[in-house]
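> starting from these lines, generate the structure:
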Amino acid sequence: MTETAPQLFIGNRNYSSWSLRPWLCLRWAGIAFRERSIELDQPGYGAEGIAEILAISPSARVPVLLADGVTIHDSVAISEWAAEVAPAPGLLPPNRALRAEMRSVVAEMHAGFPHLRRDLPMNLRRRCTARDLPPETLRDIARIDTMWRTARSRFGAAGPFMFGRRSMADAFYLPVATRFRTYGARLSPESEAYAATLLADTDFHAWEAAIAAEPHRLFSRAPIDSLYADPA
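I've put the predicted structure just below:
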């Protein structure tokens with residue numbers, strides 16, 4: 001890897017779903033990059049005030065990619081950059097109509113499902129059962145289940161991923177599959193099978209292995225590690 005290789009700045013692997021998405025796209029595209037991790041559990045968290053991030057990104061958030069002499073400070077933009085730099089791996093399909101569909105579900109993930117994010121935050125180390133979820137969160141889960149089930153019925157003959165072949169859409173929904181695993185969400189059989197495909201990805205396993213190699217330290221600035229704890 002040369003000194004001019006792109007640099008991807010990510011947050012805590014265990015919690016940062018937005019960091020995982022473009023990280024997967026870069027790996028799946030076969031693009032060599034340097035990885036820099038920034039601790040999120042520090043002053044400024046939740047208020048776009050972490051000094052290390054402010055020093056590299058106008059958005060004050062991770063992920064951030066430094067490449068081609070520019071700062072790319074959004075997960076979709078980083079993933080689209082990867083698809084343009086390395087189109088052969090198929091992060092975006094060649095068919096225009098299918099690309100539009102794929103971008104639609106990616107955009108829905110990027111902009112939507114606020115209740116899922118609130119009540120089922122990514123936490124790869126945990127296994128628990130979510131209880132008493134409000135109706136709006138259940139609607140988010142149901143919408144994703146319907147999306148996955150419908151896509152698999154349409155594109156299942158082309159492969160085991162959402163649109164058949166592995167693509168950007170799978171990178172954006174893989175963190176959701178981890179949330180469903182963490183909190184014991186119930187899905188349709190078709191969606192369960194798709195989630196299992198995502199969680200079996202070898203690059204995702206590398207991400208998980210890196211978490212296992214890190215010291216286990218609870219996140220102090222949010223209750224993410226105590227949600228749905230068993231009663232004493």
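
> list the buried residues in stretch 219-231.
Taking 16 or more other Cβ atoms under 10 Å as the neighbour-count basis, stretch 219-231 is seen to contain the buried residues 219, 224-225, 227-228. (Glycine included, C-beta is placed from N, CA and C.)

> I'd like the next helix or strand past the top helix by length along the chain.
Among all segments of the chain classified by DSSP state H, the helix with the greatest residue count is helix 135-155. In the C-terminal direction, the helix or strand that comes right after helix 135-155 (DSSP states H and E) is helix 168-183.

> from the contact counts, what lies against that following helix?
For helix 168-183, the elements it packs on are helix 17-29, helix 75-85, helix 96-111, helix 135-155, helix 189-199, judged by 3 or more Cβ pairs under 8 Å, 6 or more residues apart in numbering; DSSP states H and E.

> pLDDT (mean, whole number) over that helix?
When pLDDT is averaged along helix 168-183, the result is 98.

> same check on stretch 100-117?
Averaged across stretch 100-117, pLDDT comes to 98.

> can you list the buried residues in the lowest-mean-pLDDT helix or strand in the chain?
One helix or strand of the chain scores below all others by mean pLDDT, DSSP states H and E: helix 51-54, with a mean of 92. For helix 51-54, a neighbour-count test (16+ other Cβ under 10 Å) marks residue 53 as buried.

> quick one: it to chain centroid distance?
Taking the mean of its C-alpha atoms, helix 51-54 sits 21 Å from the chain's own mean (Cα atoms, centre = their mean, to the nearest Å).

> so what touches the helix or strand following that helix?
Tracing the chain C-terminally past helix 51-54 and defining elements by DSSP H and E, one meets strand 64-67 next. Strand 64-67 is contacted by residues 6-9, 22, 26, 33, 53, 56-57, 71-73, 78, 81 when judged by Cβ atoms under 8 Å, 6 or more residues apart in numbering.
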